[in-house]
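> following is a predicted model, sequence given first.
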Amino acid sequence: MRRDEITISFDAYHTLFQESLNHFYQLRKRMGGCSSSTEEIQRTLSDIVLQTVPPRFPTHHKLLMYWYNVYCELCARHKSSCNGVTSILEYTSSERAWDIIPGSFALLKKIQSIGSIRTIVCSDWDESLYMILSGLGVFVEEIYTSASIGYSKSNREYWQKVLEFEPGLCIHIGDDPATDFHPPHPIVGLSIKDPEILMKISKRLNVSYSIFIERA
């Protein structure tokens, strides 16, 4: 890419997509003998993720093992068999497990409609992200996962490596204060939950806000 080309980055999970409506039903279906409600499974999974630390130097294999252990713990807490964990991983690695977030997808399409702005995805995910985004109809110029970079987004090294490939990166959009809109890098971070995000982007790029609206 040219060094003067403008690039805008999007986070993936809880920015471009989220759990599908029957996501936790599908998890329960794969947890052998589980009698818990989908709401209980969702709460337990959230607790486990908060209590566990993902690999600091992630690879595709390390992230798969991390999630394998997370889902094994989920099964154990709900007194169900761990035999279905492989099936759970296959499910969550496909687009069937996820739904597009309409507002975020519309924002991405508005930015892409301008034509002179490069769009990428920066995410703490494994290699399955490529298939998930493609299956959901999300297409960008490049995808940088923590598995491919070798660092998580909470590390400055992750962003330094991305900036080696994307010197024009000036805005990153996401949902997590620690890694997205207050990230460890010099890029401007914006919260996807901010209702005035388009105005902030247009101001940052010195582009008329009407351009985003007219070309949507």
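Happy to help now that I have it. Residues are numbered from 1 along each chain as shown.

> quick one: the helices in the protein, in order.
Counting by DSSP state H, the chain has helices at residues 23-30, 38-51, 60-77, 85-92, 102-114, 129-136, 146-149, 156-165, 197-205, 209-214.

> just those: most buried one?
helix 146-149 (a mean of 22; mean count of other Cβ atoms under 10 Å). Any C-beta I mention is one placed from the backbone N, CA and C, and that applies to glycine too.

> can you list contacts of it?
For helix 146-149, the external contacting residues (Cβ atoms under 8 Å, 6 or more residues apart in numbering) are 58-60, 62-63, 123-127, 152-153, 158, 161-162.

> same question, stretch 184-193
Here stretch 184-193 has contacts from 9, 11, 14-15, 101, 103-104, 107, 154-156, 159-160, 163, 169-175, 177, 180-183, 197, 200-201, 204, using Cβ under 8 Å, 6+ apart.

> Gly168 and Phe181, how far apart?
According to Cβ to Cβ, to the nearest Å, Gly168 and Phe181 sit 19 Å apart.

> next: Phe17.
For Phe17 relative to Phe181 (Cβ to Cβ), the value is 18 Å.

> what's the answer for Ser113, then?
23 Å.

> cool, Thr38 as well?
Taken as Cβ to Cβ, the span from Thr38 to Phe181 is 30 Å.

> and for Gly32?
In terms of Cβ to Cβ, Gly32 sits 40 Å off from Phe181.

> more neighbours, these two?
Phe181 (20 against 13; other Cβ atoms under 10 Å).

> pretty sure that one contacts Gly174?
Yes. With contacts counted by Cβ atoms under 8 Å, Phe181 reaches Gly174, the gap being 6.3 Å.

> residues contacting the closest residue to Lys62 other than its chain neighbours?
Spatial nearest neighbour of Lys62, excluding adjacent residues (Cβ to Cβ, 6 or more residues apart in numbering): Pro55 at 4.3 Å. Pro55 makes contact with Lys62, Leu63, Tyr66, Ser152 under the criterion Cβ under 8 Å, 6+ apart.

> which of those sits closest to Glu95?
Nearest to Glu95 among the contacts of Pro55: Leu63, at 18.0 Å, using Cβ to Cβ.
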